[in-house]
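*Asks:* take this sequence and fold it.
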Amino acid sequence: MSTDGTLHQYFLSNGGKRCHKWVHYLDIYERHFARFRGKSPTVVEIGVHGGGSLDMWKYYFGAGSKIVGIDINPTCKQWERDGVEIFIGSQDDPALIDQVFEAHPNVDILIDDGSHRSNHMIATFNMAYSRVSPHGVYLVEDTYTSYMAMFEGGMKRKGTFMEFVKDKVDELNAIHPRREFPITDFCRSTAGICCYDSVVVFERSPQGLRQGIITKKMGDRLGLFGKEEQDV
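*Replies:* Predicted coordinates:
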């Protein structure tokens, strides 16, 4: 999906609250979020800090959108305003995640820009992913921390968020190895995983019957592509 540069324009001309983003993230946001504009989505962002990104989301998604922030720092509560709500606590706290989804059961977009520690990112994903709307988006940014020792990361180090993502790619394809892998709720509810430099996007969508079809010229019969139908 093409972007119109709205986020670039807002971000680069920002004269309000502090907003810290890698510039190449803005195209990624627009590519995956544009379909929600003007549709009053509920957007949760983990990591509030200066409050600027919450204002950016409110501007981008427009009137009627609900912007929800989560941060461990109590001073972030000051950035609340009409249409912007902030919860205080750690992103790996089940009670906090329950509180957020009880207050906002129809979350369309969740952005994890929190601690950037893999154990927190994985814990939040496991608690929150299935609770995002069936056609929603779950985006994790600053995933380069999976490769940094100061975040307990490293190349191919077991337990990092990026190694977790690689396992999720296998899980997404579980219907194909003739039932060698279990078909999970994640497989049944995920359309795709998009990996970018430092950003991973999970696009949710209920999955059903998958068929490999061959179409031929008139007069030839329609046939399957040498594989039986797979139903997730």
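
*Asks:* which of the helices and strands in this structure ranks last by mean pLDDT?
*Replies:* Least confident helix or strand of the chain, by mean pLDDT, DSSP states H and E, is strand 223-224 with a mean of 48.

*Asks:* where do the strands sit along this protein?
*Replies:* Counting by DSSP state E, the chain has these strands, from start to end: 42-46, 66-71, 84-88, 109-112, 137-141, 190-196, 199-204, 209-210, 213-214, 223-224, 230-231.

*Asks:* ok, of those, where does mean pLDDT dip lowest?
*Replies:* Note on these: lowest mean pLDDT is at strand 223-224, with a mean of 48.

*Asks:* sketch out the helices for the chain, chain order is fine.
*Replies:* 6-12, 23-33, 52-61, 94-103, 118-128, 161-172, 185-189 (DSSP state H).

*Asks:* quick one: list the elements packing against the first one.
*Replies:* Read it as helix 6-12. Contact partners of helix 6-12 among helices and strands, from 3 or more C-beta pairs under 8 Å, 6 or more residues apart in numbering; DSSP states H and E: helix 23-33, helix 52-61. C-beta coordinates here come from the backbone N, C-alpha and C atoms, glycine included.

*Asks:* pull out the buried positions in the longest one.
*Replies:* Translated: helix 23-33. Within helix 23-33, the residues that count as buried by 16 or more other C-beta atoms under 10 Å are 25-26, 28-30, 32-33.
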